[in-house]
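In: requesting a structural model of the entry that follows:
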Amino acid sequence: MSKTDVSLPSNRAFVIQLQANSVVSGIRHRGRVEHVASGRATHFPNEDDFWAFVDTVLAKECSERSEPERLAGD
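Out: A predicted model of the protein is given here:
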């Protein structure tokens, strides 16, 4: 698969903003992450919390897409 064949759906897009004093080459990245489609955002003190947020948002997106659509009044 070439780079142009990769699917990049917008509901899986995130904006990551790193603090100015965040170490780029180490593991001490700190900053803020926002899920573009939902607007959900959080500050993260480390990479583990960053990835936990991303995983949570993507799991929620996945579960919402797999739920059957309900008719009004149900």
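
In: the residue nearest the centre of the chain: helix or strand, and which one exactly?
Out: The centre of the chain sits closest to Val54, judged by C-alpha atoms, centre = their mean, with a distance of 3.8 Å. Per DSSP states H and E: Val54 is located in helix 47-66.

In: just checking, what packs against that helix?
Out: strand 14-18, strand 31-35, strand 41-44 (3 or more C-beta pairs under 8 Å, 6 or more residues apart in numbering; DSSP states H and E). For glycine as for every other residue, the C-beta is placed from the backbone atoms N, C-alpha and C.

In: outside of the first one itself, list whatever touches it.
Out: Outside of strand 14-18, the residues within contact range by C-beta atoms under 8 Å, 6 or more residues apart in numbering are Val24, His29, Arg30, Gly31, Arg32, Val33, Glu34, His35, Val36, Phe50, Val54, Val57.

In: and the fifth one, what does it touch?
Out: Okay, so that is Arg32. Ile16, Gln17, Ala41, Thr42, His43, Phe44.
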